[in-house]
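Fold the following and give me the result.
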Amino acid sequence: MSRLAVKVMALLGLAFLLIPLLIIIAVSVTETDYLAFPPVGFTLKWYSAFLTDAEYIKPLVTSGVLALLSTLVALILGVPAALALERSHLEGRRFLSALFLSPLILPGIVVGAGVLQLASQMGWSRSFLALLLGHVVIITPYIVRTTLASLADIGPSTEEAARDLGATATQAFWYVTLPTIKPGVIAGALFAAIISWVNVEVSIFNTTADLMTLPVKLFNDVQFQLGPVISAVSAATIFLAVVIVVFVDIAFGLDRFAVGER
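Residues are numbered from 1 along each chain as shown. Okay, here's the model as predicted:
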């Protein structure tokens, strides 16, 4: 296949991904009370309506707290797991690595149903704890993957040198390894926060009328009312995700953390 054909296919694929997002952003600034594309005029009143509506603010806060807490828990679990997978020589290390990364290929609805069943057996289904558990399951692989990529770049010799100079294992990790792999850890945490923020499949199994994330709120509203406010909420989520991804790319480089790159 010629280079021109590859470029054309790449541009078509990019357009296929971007056009729906651009349409959402466009209809979020229309002056009409209904969705209109091309937009009629220009206004930001739908963003103002979103930010002053308690029915959206409460799910917004829930999503923010959930994304923050689940990312913190995933960091506590994922970074040591990546370190063990990279440095250990245990039998079955490849199996354990695949197990940690399996949520990346499992449908979210399967994970959500599994978390619901587990939480029901434990007596805390449809609670914030169940939501937190589900989100930790689906975002931990992102932190494990980016941390593994960073660990592969430095090897164990740096830690061994620190140990030879008298540092304990904890000191070697905290003062030598962690600062070195910090870009990968931060990139993984940001991606994890995005995935948690936009998740619907896992969240919908454990939400209630009083405990609802913003994406689930949007999912429910779309079934009964489809107006510019919903587009404004969706566009705001797109803006947030774009800002985070651009920050990660500028600060650390996305190509370093591509799946499969070691």
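
Compute the number of surrounding residues for G13.
Counted with other C-beta atoms under 10 Å, the neighbours of G13 add up to 10. All C-beta spots, glycine's among them, are computed from the backbone N, C-alpha and C.

How are the helices of the stretch 51-200 of the chain distributed by residue range?
Counting by DSSP state H, counting those that start in this stretch, the stretch 51-200 of the chain has helices at residues 54-87, 93-101, 108-122, 128-154, 157-164, 169-172, 178-198.

Now the second one: buried residues?
Read that as helix 93-101. Residues of helix 93-101 classed as buried: 97, 100-101 (neighbour count, 16 or more other C-beta atoms under 10 Å).

cool, the fifth one as well?
Going by neighbour count (16+ other C-beta under 10 Å), the buried part of helix 157-164 is 159, 162.

hmm, who's touching that helix?
Residues outside helix 157-164 that contact it (C-beta atoms under 8 Å, 6 or more residues apart in numbering) are 169, 171-173, 175-177, 180.

can I get the CA coordinates of it in PDB?
Once non-C-alpha atoms are left out, helix 157-164 reads as follows in PDB (Å, rounded to 0.1, in the frame of the first residue of the first chain):
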ATOM      1  CA  SER A 157      20.900  -1.600  38.200                       C
ATOM      2  CA  THR A 158      20.000   1.900  39.600                       C
ATOM      3  CA  GLU A 159      18.300   0.400  42.600                       C
ATOM      4  CA  GLU A 160      21.200  -2.000  43.200                       C
ATOM      5  CA  ALA A 161      23.700   0.900  43.100                       C
ATOM      6  CA  ALA A 162      21.600   2.700  45.800                       C
ATOM      7  CA  ARG A 163      21.500  -0.500  47.900                       C
ATOM      8  CA  ASP A 164      25.300  -0.900  47.600                       C
END
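
Low-confidence ranges, the stretch 101-250 of the chain, go.
Across the stretch 101-250 of the chain, the ranges flagged by pLDDT under 70 are 153, 155, 157, 164.

returning to what we had before: among the helices of the stretch 51-200 of the chain, which is nearest D221?
Closest to D221 of these is helix 54-87 (C-beta to C-beta; 8.8 Å).

looking at it, E55 is touching L218, isn't it?
No. Counting by C-beta atoms under 8 Å, L218 is not a contact partner of E55; they are 11.3 Å apart.

who has more neighbours, the two?
Using other C-beta under 10 Å as the criterion, E55 and L218 rank with L218 on top: 19 against 12.

Distance check, the more buried one against A26.
18 Å (C-beta to C-beta, to the nearest Å).

Go through the contacts of helix 157-164 and say which is closest to A15.
Distances from A15 to these, taken by C-beta to C-beta, are shortest for T180, at 39.1 Å.

Need the nearest residue in space to V79, chain neighbours excluded.
T147 (5.5 Å; C-beta to C-beta, 6 or more residues apart in numbering).

With I195 instead?
I139 (5.1 Å).

The one you found against L68, yeah?
No. If you go by C-beta under 8 Å, I139 and L68 don't touch, sitting 11.6 Å apart.

Need the overlap of contacts for these two.
Listed contacts common to I139 and L68 are A193; contacts here mean C-beta under 8 Å, 6+ apart.

More neighbours: these two, which one.
Counted by other C-beta under 10 Å, I139 and L68 do not tie: I139 has more neighbours, with 29 against 13.

how many other residues sit next to the residue nearest to P156 when sequence neighbours are not counted?
The spatial neighbour of P156 that comes closest, neighbours along the chain excluded (C-beta to C-beta, 6+ apart), is R87 at 5.9 Å. Residues near R87, counting by other C-beta under 10 Å, number 13.

now R87: how far from L12?
R87 is 43 Å from L12, by C-beta to C-beta.

tell me which element N220 is part of?
N220 belongs to helix 214-224 when elements are defined using DSSP states H and E.

Could you tell me the angle between that helix and helix 178-198?
Angle, helix 214-224 to helix 178-198, by axes from the mean of the first three to the mean of the last three C-alpha atoms, to 10 degrees: 20 degrees.
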